[in-house]
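A.B. asks: here are the coordinates; sequence isn't available:
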């Protein structure tokens, strides 16, 4: 784990760049992580990120890509357009939550 500064906030990150402590997340941190990954956040991105984050905070685990596509209001095909390098993994990283199970 490494402490880095993102958007003026010191945060702990794991080897893959995921926040270790979801409580360190802010919208500014999310925007910076998105930029690091070549994404400019749109309202559709925020919808997915907030869904992922809320689900994690409510249940302790992130949704699968299947439930993300069914329940977030954003179809799976569009998820891959918004997050080309893997929707669940990248949305989780931007949302400040751990990498979902099953993501490589």
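C.D. replies: Arrived safely. Bear in mind the structure is a predicted one, so any value in this text is a computation, not a measurement.
A.B. asks: only C-alpha atoms for contact and neighbour calcs from this point on.
C.D. replies: Fine.
A.B. asks: sketch out the helices for the protein, chain order is fine.
C.D. replies: Using DSSP state H, the helices assigned to the chain run over residues 27-36, 43-59, 65-71, 76-82, 87-94.
A.B. asks: out of these, which comes closest to residue 20?
C.D. replies: Residue 20 lies closest, by CA to CA, to one member of the helices of the chain: helix 87-94, at 10.3 Å.
A.B. asks: ok, back up a step: which of the helices of the chain sits most buried?
C.D. replies: Comparing the helices of the chain by mean neighbour count (mean count of other CA atoms under 10 Å), helix 87-94 comes out on top with a mean of 26.
A.B. asks: what is the least confident helix or strand in this structure?
C.D. replies: Using mean pLDDT, DSSP states H and E, strand 2-6 stands out as the lowest-scoring helix or strand of the chain, at a mean of 86.
A.B. asks: which stretch in the helices of the chain has the least confidence?
C.D. replies: Comparing mean pLDDT across those, the lowest value falls on helix 65-71: a mean of 88.
A.B. asks: just checking, what packs against it?
C.D. replies: The elements that helix 65-71 packs onto, with contact taken as 3 or more CA pairs under 8 Å, 6 or more residues apart in numbering; DSSP states H and E, are helix 43-59, helix 76-82, helix 87-94.
A.B. asks: now render the ones you listed as CSV, adding distance to residue 23.
C.D. replies: As requested, these are exported to CSV (distance: least, CA to CA, whole Å):
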stretch, distance to residue 23
helix 43-59, 10
helix 76-82, 25
helix 87-94, 13
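A.B. asks: residue 28: which of the ones you listed is closest?
C.D. replies: Shortest distance between residue 28 and those, using CA to CA, is found for helix 87-94: 10.2 Å.
A.B. asks: quick one: that closest one to helix 43-59, angle?
C.D. replies: Using axes from the mean of the first three to the mean of the last three CA atoms, to 10 degrees, the interaxial angle of helix 87-94 with respect to helix 43-59 works out to 80 degrees.
A.B. asks: wait, residue 13 touches residue 19, no?
C.D. replies: Yes: between residue 13 and residue 19 there is a contact at 4.5 Å, judged by CA atoms under 8 Å.
A.B. asks: what about the two, which has more around it?
C.D. replies: A side-by-side neighbour count of residue 13 and residue 19, using other CA atoms under 10 Å, places residue 19 first with 26 against 18.
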